[in-house]
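> sequence first, predicted model second:
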Amino acid sequence: MPWRSLSDVKRFLALSDPGRVRLRSATAVTLSVLVAMVVLLAFTTLTDQPITVALLGTVVAMQSSAVVKDRDQRSRVITTLLLFLPAVAAVSVSAVLSQFGKVGDVGFIVILFAAVWVRRYGPRGNAMGMVAFISYFFGLFLHAAPHQIPVLTFAIALGIAATLLVRTLILPDRPRVEVRRLVQALRAASISVLEAAGNRDRRDLGMLRRRLDRLGETALMIDDWLDRHDAAQLLSITNEDLSLRVFDAQIATEQLVSALWALDPAKPWPTGLGHATTALGACLQNNPSEDQLRAARKLAAGAADKADLSTQTGIATVVAYRAAQAHIAIHHITMNALRADKAADVAPQQQPEPEDPEGEAPTGLNPSTKAAIQVAVATTAAAVLGELISPDRWYWAVLTAFLVFTGASTRGEILTKAGHRIVGTVVGVSAGVLLAALVGNNQPLQIALLLVCVFCAFYLVTVAYALLTFFVTVLLAMLYGLLGDFSVAVLQLRIAETAAGGLVGMASAFFIFSTGTRATLAEKVDAYLDLMSEVINGGVDAVVAPGGDTDLVTNTRRLDNALQEVITAGKPLELGPTTRNRRGAKRLLRILQSSNRSAHAFARAGVNAARAEPDSAPSAETAAALRGAADHVLGTVEAVRQVVAGESVPPTEKVTETTILDVLRTSSNAPGPVRGAVRALSTLQRALGEATTFVR
């Protein structure tokens, strides 16, 4: 039993953080802070410098570790080195201008404008802008003086050196380990969703959907890994082949889940299905031996050979065998990676990714320029309002007004982020006051709690922005304690300044280059439906002309990424002020997620057809009927597009199950890809038909 509990814990961790990406990121930031803090505290002690010097270098180490997001290791190192320049420039300007009163305030607004404007230059520009912003801010916070510029420059250099030490020596990029952890997360997600589908005592459709979504997100993370690495050098398999293996495993698992969910929960499973799912369970373990994999394949194959495809249990048995085959293939890939890891102590050099080609030049102002103007107006108003609240702490209002625009573009996103920041600050102040009272002036404990807050903030930042704000606020309480400047009044003042900055940010989102959440959602859905049409057309072409090349796997991954953008754009509407709007948004997103899985099944039929021999093509009558069915679904896609855009469309024609399934009647021996394509089109039509009644 303890071993089972440990296995469950490992699976939970793999599901909650696929590939341990968040854990690795938070650990890297925390180690950078720790190394910088140890070195800088020793430096300030030996040279009799104030602790503020150490704190600035530590903050630069934290920020440089967190904001550098280049896709390959070489680019990340170069960007980290370049951060020295904007950090030193910003601190120097802050130290000089702060001597001239309001001129320092104006300088802060200019720095914030520039920090947003340089986002047009991609991850490197964004990182340099954010480091310049945080360096200027902490120059104000720590009351840096011009005579301190040389020593502050040295502190910044030590902070960046600490980040590079962690990035290149302590936690270097290990792509083989990363991909192995990601496929382990894929197996954990597969087990999780199959348990939900096969649980006959507790049938929770909401849980099933959430676990299916997690399976899809994990597969997308593997695809993202493929974008950053050359699998041929690392795993002895091409990127295209690995992408296809993962695609097979994901789609087969989704189809098995659908088949199991359709079974009568009151009836026991036949022996064949039990054997097939048992074999699949063995294939979903992380470290099976070759003998175990061979035995599992043999058990599943025997069950599939005896399955009756005229029954739902027979179909489920065959799909379970296909899922087992797909996961066995991935096992062989990761075993090769493990052997390669043992043969080499260091990861091979990564090839830098080419820059994305530029598309058509956008008309009007660049989005980064619009955002920079928004930020400039918002932070100017926040500075004025913050001065009225506290002439000494006005920059907290400016900080909030700036940060609510970071990573947000629509009114709904900005409103949501501002709300999270205010709530996180209020709760964080309460926790900070309590901890400060318990810790007192115990400096080692203050530093330890500060490090814990850094780790938790960056580990949970993608879970909820309010959690990041909470831990940063507690961190500030510890920071004030280290500076000997802690008081309840200071933290209460932070609440007032944060609320002021949040309100100013909200107002700017509505009145300065306003971007509507609904309009953005409609735009993202439109792009998603364009890709859906590409997948449908590509799938039909592959099925009616088997044996050819196809881009269906790539197009399906593009479809998955587009769905993620739709979900992100629609989330603020799920928190809308009216029940009708909330339900409508949730329903639309749920329907699109369901239709996406049907598109997966349709794409898989096309991929299977591309693997088949050209002489297995369906008859001309069947091909024409299949194209007609696909055209019918494409018509529904256009109807969904119009409804989401707010146009009035006539009620969608009620389609009976046989309208698309009748394609199979055109052939007495419809091949597998045709059968799979027809069934997928039928479920896709049902799902999209529901979306035409989307409530706006």
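Received the coordinates, thanks.

> all helices of the stretch 401-550 of the chain, in order?
Using DSSP state H, counting those that start in this stretch, the helices assigned to the stretch 401-550 of the chain run over residues 411-439, 443-459, 465-483, 488-511, 517-544.

> can you redo these as JSON lines with mean neighbour count, distance to residue 640 and mean pLDDT?
For glycine as for every other residue, the C-beta is placed from the backbone atoms N, C-alpha and C. Supplementary listing: those in JSON lines, determined by neighbours: other Cβ atoms under 10 Å; distance: least, Cβ to Cβ, whole Å; pLDDT from 0 to 100:
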{"stretch": "helix 411-439", "mean neighbour count": "20", "distance to residue 640": "21", "mean pLDDT": "80"}
{"stretch": "helix 443-459", "mean neighbour count": "19", "distance to residue 640": "38", "mean pLDDT": "88"}
{"stretch": "helix 465-483", "mean neighbour count": "22", "distance to residue 640": "31", "mean pLDDT": "81"}
{"stretch": "helix 488-511", "mean neighbour count": "20", "distance to residue 640": "28", "mean pLDDT": "79"}
{"stretch": "helix 517-544", "mean neighbour count": "21", "distance to residue 640": "6", "mean pLDDT": "89"}
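
> for residue 98, which of those helices is the nearest?
Nearest to residue 98 among the helices of the stretch 401-550 of the chain is helix 465-483 (17.2 Å), distances taken as Cβ to Cβ.

> output the contacting helices and strands for that closest one.
helix 51-67, helix 411-439, helix 443-459, helix 488-511 (3 or more Cβ pairs under 8 Å, 6 or more residues apart in numbering; DSSP states H and E).

> low-confidence ranges, the stretch 501-650 of the chain, go.
509, 512-515, 574-582, 648-650 (pLDDT under 70).

> hang on, I meant the stretch 251-400 of the chain
335-365.

> hey, where'd the strands end up in it?
Taking DSSP state E, counting those that start in this stretch as the criterion, the stretch 251-400 of the chain carries no strands.

> mind listing the helices for it?
271-283, 290-305, 312-343, 367-389, 395-403.

> dump those to TSV, plus distance to residue 108 and mean neighbour count.
Below are the helices of the stretch 251-400 of the chain laid out as TSV (distance: least, Cβ to Cβ, whole Å; neighbours: other Cβ atoms under 10 Å):
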stretch	distance to residue 108	mean neighbour count
helix 271-283	58	21
helix 290-305	61	17
helix 312-343	48	20
helix 367-389	7	21
helix 395-403	6	28
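
> what about residue 254, how many residues close to it?
A count of neighbours around residue 254, defined by other Cβ atoms under 10 Å, yields 25.

> for it, which residues are in contact?
212, 215, 597, 600, 601 (Cβ atoms under 8 Å, 6 or more residues apart in numbering).

> format the residues you listed as TSV; extra columns: secondary structure and neighbour count.
Shown next, in TSV, are those (DSSP: H, G, I helix; E, B strand; the rest coil; neighbours: other Cβ atoms under 10 Å):
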residue	secondary structure	neighbour count
212	helix	24
215	helix	26
597	helix	24
600	helix	22
601	helix	21
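
> need the max-distance pair from those.
Maximum pairwise distance in the contacts of residue 254, criterion Cβ to Cβ, is 13.9 Å, between 215 and 601.

> about what we covered before: closest to residue 422 out of the contacts of residue 254?
For the contacts of residue 254, the closest approach to residue 422 (Cβ to Cβ) belongs to residue 212, at 34.0 Å.

> so that closest one touches residue 597, yeah?
Yes. Using Cβ atoms under 8 Å, residue 212 is in contact with residue 597, at 6.7 Å.

> which of the helices of the stretch 401-550 of the chain sits closest to residue 387?
Closest to residue 387 of the helices of the stretch 401-550 of the chain is helix 488-511 (Cβ to Cβ; 10.2 Å).

> can you name every helix or strand that the closest one contacts?
Applying 3+ Cβ pairs under 8 Å, 6+ apart, one finds that helix 488-511 makes contact with helix 367-389, helix 395-403, helix 411-439, helix 465-483.

> which SSE is immediately downstream of the helix or strand where residue 599 lies?
Element membership for residue 599 (DSSP states H and E) is helix 579-611. Scanning forward in sequence from helix 579-611 by DSSP H and E, the next helix or strand is helix 620-644.

> now the angle from that following helix to helix 579-611?
Angle, helix 620-644 to helix 579-611, by axes from the mean of the first three to the mean of the last three Cα atoms, to 10 degrees: 160 degrees.
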